[in-house]
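Participant: With the sequence up front, the predicted model follows.
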Amino acid sequence: MNPIPVNQPLLNGNEKKYLLECIDTGWISSEGPFIKKFEEQFAARHGRKYGIAVSNGSAALDAAIAALKIGAGDEVILPTFTIISCASAIVRSGAVPIVVDCDRNTWNMDVSHIEEKITPRTKAIMVVHIYGLPVDMEPVLALADKYGLQIIEDAAEMHGQTYKGRPCGSFGNISTFSFYPNKHITTGEGGMLLVDDEYLAERCCSLRNLCFQPQKRFVHEELGWNMRMTNLQAALGVAQLERLDEFVARKRHIGQRYTQALSGIPGLQLPLAQTDYADNIYWVYGLVLKDEVPFDAREAMRRLADYKIGTRPFFYPMHEQPVFQKMGLFNGVSCPVAEKIARRGFYIPSGMALTDEQISQVAEVISELFQ
Ligand SMILES: Cc1ncc(COP(=O)(O)O)c(C=O)c1O
């Protein structure tokens, strides 16, 4: 059996044509015309006024925290089950991350536990949509309203998804995306911030560009970063965005085929196909080993590797990260659901270029190994 990678992007639309355009015109830095086009089209697709393209999704989170002036003395509530980028943006700003456990079925932040974490120091809720289903946003929006909190919406994994018909990426004071190659659309590396507020948009633009000042270029009132996206990356982004609906449909097809093939296996928890607010877009197809399975995710991934099937473990909870424990964070915090799925969850090949034949091969091996 040929190796089946955990992810492979599809780059067979206008990507090459637009990249050649960059080379032919010499626009390869962050000044070129594809940047503006990508920002405008991506923002419009999400019903937002401004898009600010950056170098990756982690940088977008750093910029979001800084743009909202979150820092020492503030607390930000976030899911423990997420990527380190979310917590590191908060910690680097000097603010304190306060984690919430996740729901055992959707793997998203359990929104019923947010209110008990709110204190007078809480400045924002960082919502992170995980793996294919959005967070239940209405209760979060109600809390933000009740307590006057900002919402940072990390929609890195949620291109093309909606919550009750409204695009993910339209809910945050600042919403962020990643365009890493395992995302529904990719720019190689890349990220985006979406905002409606003009002042916030200007802050995000300034922060991504070293906080150069328009009048006194090399005099700085604040520290920023160079997190600019290049025209080459944006050219890929424009080509990929043209196919977003097709890509989402393809991912749904992959998810549905896996579910059909794997639903008879008693030891596996499969992703929920839908909730009452969204249909899964299966950014990745995750599996959680039920209690009766006598080994953990690491062993399952090892067994699949014997068949050259690529896998990745689930996220490891923020409150259990050695780097944060060494900083004295999260003392005594326990989030049993996240702790469990981190050890018993992993995902199987889910990339855009996965063929139906490969899906059948993966499903066959899993059926054999876990029956
Ligand atoms: C939820 C979430 N946030 C942020 C990121 C970081 O994005 P990037 O890899 O572009 O820095 C990722 C990456 O996969 C992610 O899944």
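Facilitator: That came in fine, so what should we check first? Numbering: from 1, shown residues only.

Participant: need the helices for the stretch 201-350 of the chain, in chain order.
Facilitator: Using DSSP state H, counting those that start in this stretch, the helices of the stretch 201-350 of the chain run over 231-241, 244-262, 297-305, 322-326, 336-344.

Participant: per-residue confidence at the residue of the stretch 51-200 of the chain found nearest the ligand?
Facilitator: Among all residues of the stretch 51-200 of the chain, residue 57 sits closest to the ligand, at 2.6 Å; criterion: Cβ to the nearest ligand atom. For glycine as for every other residue, the C-beta is placed from the backbone atoms N, C-alpha and C. pLDDT, the model's per-residue confidence, is 98 for residue 57.

Participant: Excluding sequence neighbours, find me the nearest residue to it.
Facilitator: residue 178 (2.5 Å; Cβ to Cβ, 6 or more residues apart in numbering).

Participant: The one you found touches residue 159, doesn't it?
Facilitator: No - look at residue 178 against residue 159 with Cβ atoms under 8 Å: they stay out of range, at 9.1 Å.

Participant: Contacts only, for residue 245.
Facilitator: For residue 245, the contacting residues are residue 160, by Cβ atoms under 8 Å, 6 or more residues apart in numbering.

Participant: swap in residue 235?
Facilitator: Listed by Cβ under 8 Å, 6+ apart, the contact set of residue 235 reads 15, 18, 19, 21, 22, 32, 34.

Participant: before we move on, what about residue 22?
Facilitator: By Cβ under 8 Å, 6+ apart, residue 22 lies in contact with 28, 32, 34, 231, 232, 235.

Participant: interface residues of the protein facing the ligand?
Facilitator: 56-58, 82-83, 85, 128, 154, 156-157, 178, 180, 191 (Cβ under 6 Å from any ligand atom).

Participant: Generate a PyMOL selection restricted to the buried subset of those.
Facilitator: Restricted to buried positions by 16 or more other Cβ atoms under 10 Å, the PyMOL selection for the residues of the chain next to the ligand reads:
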select buried, resi 56+57+58+82+83+85+128+154+156+157+178+180+191
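
Participant: For the residues of the chain next to the ligand, could you give me CSV that also reports secondary structure?
Facilitator: Formatted as CSV, these follow (DSSP: H, G, I helix; E, B strand; the rest coil):
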residue, secondary structure
56, coil
57, helix
58, helix
82, coil
83, coil
85, helix
128, strand
154, strand
156, coil
157, coil
178, strand
180, coil
191, strand
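
Participant: Pick the one among the residues of the chain next to the ligand closest to residue 258.
Facilitator: Closest approach to residue 258 among those (Cβ to Cβ): residue 157, at 17.1 Å.

Participant: Which phi and psi values does the nearest residue to the closest one once chain neighbours are set aside adopt?
Facilitator: In space, and not counting its chain neighbours, residue 157 is closest to residue 283: 4.2 Å by Cβ to Cβ, 6+ apart. When quoted as degrees, to the nearest 10, the phi and psi of residue 283 stand at phi -50, psi -50.

Participant: Report the contact partners of residue 283.
Facilitator: Neighbour list for residue 283: 131, 132, 157, 158, 183, 184, 251, 350 [criterion: Cβ under 8 Å, 6+ apart].

Participant: Select from the residues you listed the one having the most neighbours.
Facilitator: For those, counting by other Cβ atoms under 10 Å, the largest number of neighbours falls to residue 158: 29 neighbours.

Participant: My guess is it contacts residue 170. True?
Facilitator: No - with contact defined as Cβ under 8 Å, residue 158 does not reach residue 170; the gap is 10.8 Å.
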